[in-house]
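# Requesting a structural model of the entry that follows:
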Amino acid sequence: MRIGMQLNYSGGFSETVEEVGALEKAGMDIAFIPEAYSFDAVSQIGFLAAKTSTIQLASGIFQIYTRTPSLLAMTAAGLDYVSGGRFVMGIGASGPQVIEGFHGVKYDAPLGRTREIIEICRQVWRREKVQFEGKYYQIPLPADQGTGLGKPLKLINHPVRADIPIVIASLGPKNVALTAELAQGWEPIFFHPEKAESVWGESLAAGKAKRDPSLGELDVYASPAVAIGDDADQFLPWIKPQLALYIGGMGAKGKNFYNDLAVRYGYEAEAEKIQDLYLVGKKEEATAAVPDELVRSISLIGTESYVKERLAAFESAGVTTLNIHPIAADTAGRVGQVEQLKALIG
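Below is the predicted model:
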């Protein structure tokens, strides 16, 4: 298994860049640069490309609504060029809170849009004249919808690669099936190795049955928190606020993908309690209601021997990359976590 990390998007990017250099030397394989509603990820990936030499750089994620498909493709090709072929395009639907609340764009048809976007991007990267008649995107724009002057164009530059890897962050059954069919990589959140087959196995199998063999095997990017040591269990409660936020607060009743996932993991009563508490502002009580068992199952927190057992479980469940969240106070601590994991993975 490879090791990656999602970078902090809330500030201190200059310090983060220096840290990425140290992590690269320690053997980290890939860094994911998030966007959310912070600074754009593109400028930061470009800056990192100039400051690193071997580590892969991924968008984590570009949401699919606010860049046109052709612009997404142009951006990916540009980032792949400035990084010398090290870019991975992570895409996802995000959620209505960000898409409608921050961008003022309608959140609709994530599956259909994702499928069409991928096809258009690959046309651009192959330097074909882009022509697409989809339900959501028509390129060139039909004459009756504009000036009538649009014509098929192809990318002027020659991309470093005509097959830039695409990783999709997806959770729902249909979206996971689409990911397994079309993408090079899948990035599920809160990955539970022992529950992966029962929750996602059917969807993954359905997608892989339609998969083009030229795409290769599907890479699976799990995102566990990491703390290794004899006293590491003290950090288990540190994970609970994030789980409470996602399970309880990332969407209304019946509209929360993460709550649905907790239910599918077998925590129906707990998920309902967490959401009920969170939505009335009782965040501390919601956090306390997050089960220790859930935290432990999706994390790599414990002694070296215990973490080694959990690494085997992640690998057995099909994980190819650990996109870790190290619990450490500084750069030296995070570098140390990467080095420990590399040694345990062997």
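# Quick one: neighbours of the residue nearest to Phe191 when sequence neighbours are not counted, just the number.
Leaving aside its sequence neighbours, Phe191 sits nearest to Ala222 (Cβ to Cβ, 6 or more residues apart in numbering; 3.9 Å). Using the backbone N, CA and C atoms, a C-beta is placed for each residue, glycine as well. Neighbour count of Ala222, defined by other Cβ atoms under 10 Å: 27.
# what bridges to Ala222?
In this entry, Ala222 is beta-bridged to Leu322, by DSSP bridges.
# Pull up the per-residue confidence for Ala328.
Ala328 is assigned 92 on the pLDDT scale.
# OK, contacts around the residue nearest to Phe191?
Pro188, Phe191, Pro193, Phe314, Val319, Thr321, Leu322, Asn323 (Cβ atoms under 8 Å, 6 or more residues apart in numbering).
# Report the distance from stretch 297-310 to the chain centre.
22 Å (Cα atoms, centre = their mean, to the nearest Å).
# for it, which positions count as buried?
Judged by neighbour count (16 or more other Cβ atoms under 10 Å), stretch 297-310 contains these buried residues: Ser297, Ile298, Ser299, Leu300, Ile301, Gly302, Val307, Lys308, Arg310.
# quick one, what contacts Ile30?
With Cβ under 8 Å, 6+ apart, Ile30 has these contacts: Arg2, Ile3, Gly4, Met5, Ile55, Gln56, Leu57, Ala58, Val88, Thr321, Asn323.
# Let me know whether the third one touches Pro326 as I believe.
No: in this structure, Gly4 sits apart from Pro326 without contact. The criterion is Cβ atoms under 8 Å, and the distance is 11.4 Å.
# For those two, indicate the residue with more neighbours.
Under the neighbour definition other Cβ under 10 Å, Gly4 and Pro326 were set side by side, and Gly4 has more, 25 against 20.
# and that one, that's in a strand?
Yes: with DSSP: H, G, I helix; E, B strand; the rest coil as the criterion, Gly4 is part of a strand.
# mind listing what it touches?
Met28, Asp29, Ile30, Ala31, Phe32, Gln56, Ala58, Tyr221, Thr321, Leu322, Asn323, Ile324.
# bridging residues for it?
Beta bridges link Gly4 to Ile30, Asn323 when assigned by DSSP bridges.
# okay, it: pLDDT?
With respect to pLDDT, Gly4 scores 97.
# Against Ala162, how distant is it?
Gly4 sits 24 Å away from Ala162, going by Cβ to Cβ, to the nearest Å.
# Please apply the same query to Thr114.
Taking Cβ to Cβ, one finds Thr114 at 20 Å from Ala162.
# Neighbour count: the two, which is higher?
Thr114 (23 against 13).
# can I assume that one sits in a helix?
Yes: with three-state DSSP as the criterion, Thr114 is located in a helix.
# what's near enough to touch it?
Ile64, Ile91, Ala93, Ile168, Asn175, Leu178, Leu182.
# With respect to Leu344, which of the residues you listed is nearest?
Ile168 (28.3 Å; Cβ to Cβ).
# quick one: contacts for the closest one?
Taking Cβ under 8 Å, 6+ apart as the criterion, Ile168 is in contact with Gly90, Ile91, Gly92, Thr114, Asn175, Leu178, Thr179, Leu182, Ala183, Gly185, Trp186, Glu187.
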